[in-house]
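> sequence plus the predicted model coming up.
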Amino acid sequence: MRNTKICIVTAVIFCLVLTMLSAGGAESESGYGSESSISGVAPLIDDSSFFLSNTIVCRGESVEFAVDISDDNGAADVSQVMVMLSEDGNISDDDISIQLARIENVDVDATTSTFGKVWTVEGETGLKNILIGAKDTANLVATNNGVKVGTIELNPLVGFDMKDGKGGVLTTINFLGSPPGTLNVSANQNTIQINNTGGIAIDVYAYGTDFNMTGDSRTIPISNVRVDGTRMSRIPQLINHIEPGASSILNFFIDYPSAIPAGTYRGTVIFEITT
Ligand SMILES: [Ca+2]
Ligand SMILES: [Ca+2]
């Protein structure tokens, strides 16, 4: 019991001493070393900002690329931006690489700059994926490096072939001999196939001449020939639009006139391909 009483008294005295020190205005200062660090951050390609002036470019023509690149270390930290034109979906040594330049005075904000380039196509050919690569002054590549932003067709080749119904090369279109007045006579080569073997979409036009018999002035007008639902004429008519790698099929029919002499009538059917 006694011991307990002494302890209480001691505690009271301690509190008083503390109060006196504070009221007396004593001060002290200590200095501590301090440091912070900003980490290097990789650039980020804003693929939604990508600009491409045209998607089909022939030899000697130019195409413009532009894209915004961000870097949280500041826009100036972006050191290199490349457009890679690639057969596949990945950046590799065999890609066509085009370095973009920082376009001055068009910084989007403190961390984003626009990079661009006008590039002229020479001998390069084919359909390419457009991939973007970027890195900063610390050689950090973009977090989305190699992002695909579109495709471009370089020096597109126009190509097509025409096959007959047996898969052979189409060399003629002829119709089964029939009596005058017979309608809807099918061509022996039906069904004819047109294959677009080039790198660009094609439009197929067809027209023809009237059919004549040697030594006779009478004719079978070209308008008696139909390509599926289209009655032919001497003027080209669009009959198909075919994308690269795609095919289209055609069926030819003829209506033989009535009251026409027996014999072989010859004319010409012409296909015209445009792009
Ligand atoms: Ca950086
Ligand atoms: Ca590649």
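Received, thanks. Ligands and ions are numbered 1, 2, ... in the order given.
> from I45, how far out is the residue nearest to V83 when sequence neighbours are not counted?
In space, and not counting its chain neighbours, V83 is closest to I98: 4.4 Å by C-beta to C-beta, 6 or more residues apart in numbering. Any C-beta I mention is one placed from the backbone N, CA and C, and that applies to glycine too. Applying C-beta to C-beta, to the nearest Å, the value for I98 to I45 is 15 Å.
> what comes up buried for whichever helix or strand the residue nearest to V83 is part of?
Secondary structure assignment for I98, by DSSP states H and E: strand 96-102. Across strand 96-102, burial judged by 16 or more other C-beta atoms under 10 Å covers 96, 100, 102.
> just stretch 252-268 next, same as before
Buried, per 16+ other C-beta under 10 Å, within stretch 252-268: 252-257, 260, 265, 267.
> so what's A206 up against?
Listed by C-beta atoms under 8 Å, 6 or more residues apart in numbering, the contact set of A206 reads 227, 230, 232, 236-237, 239, 269-272.
> report how many residues lie close to the closest residue to F160 other than its chain neighbours.
Distances taken as C-beta to C-beta, 6+ apart place N196 nearest to F160, at 5.4 Å, with adjacent residues excluded. The number of residues packed near N196 is 23, by other C-beta atoms under 10 Å.
> may I have the phi/psi pair for N196?
phi -90, psi 110 (degrees, to the nearest 10).
> isn't it right next to L157, touching?
No. Counting by C-beta atoms under 8 Å, N196 sits too far from L157 to count as a contact (10.7 Å).
> just give me the least confident of the buried residues of stretch 252-268.
Here the lowest pLDDT out of those sits on I260, with 91.
> quick one on the thing from earlier: from the contact counts, what lies against the strand holding I98?
strand 62-70, strand 78-86, strand 112-120 (3 or more C-beta pairs under 8 Å, 6 or more residues apart in numbering; DSSP states H and E).
> domain ranges for this protein?
Annotated domains of the chain cover 44-154, 160-274 [automatic domain parsing].
> between those, which one is nearest to I38?
domain 44-154 (7.2 Å; C-beta to C-beta).
> and the closest one, end to end?
One end of domain 44-154 sits 28 Å from the other (C-alpha to C-alpha, to the nearest Å).
> one more: stretch 163-171?
Start-to-end, stretch 163-171 (C-alpha to C-alpha) is 9 Å.
> which residues touch it?
161-162, 189-193, 195.
> list the buried residues for that stretch?
163-165, 170.
> and for stretch 198-206?
For stretch 198-206, using 16+ other C-beta under 10 Å, the buried residues are 198-200, 202, 204, 206.
> ok, which residues in the stretch 51-200 of the chain are in contact with ligand 1?
Contact residues, the stretch 51-200 of the chain versus ligand 1 (C-beta under 5 Å from the ion): 71, 73, 77, 136.
> surely the second one is in contact with V41?
Yes. Under the criterion of C-beta under 8 Å, N73 makes contact with V41 at 5.4 Å.
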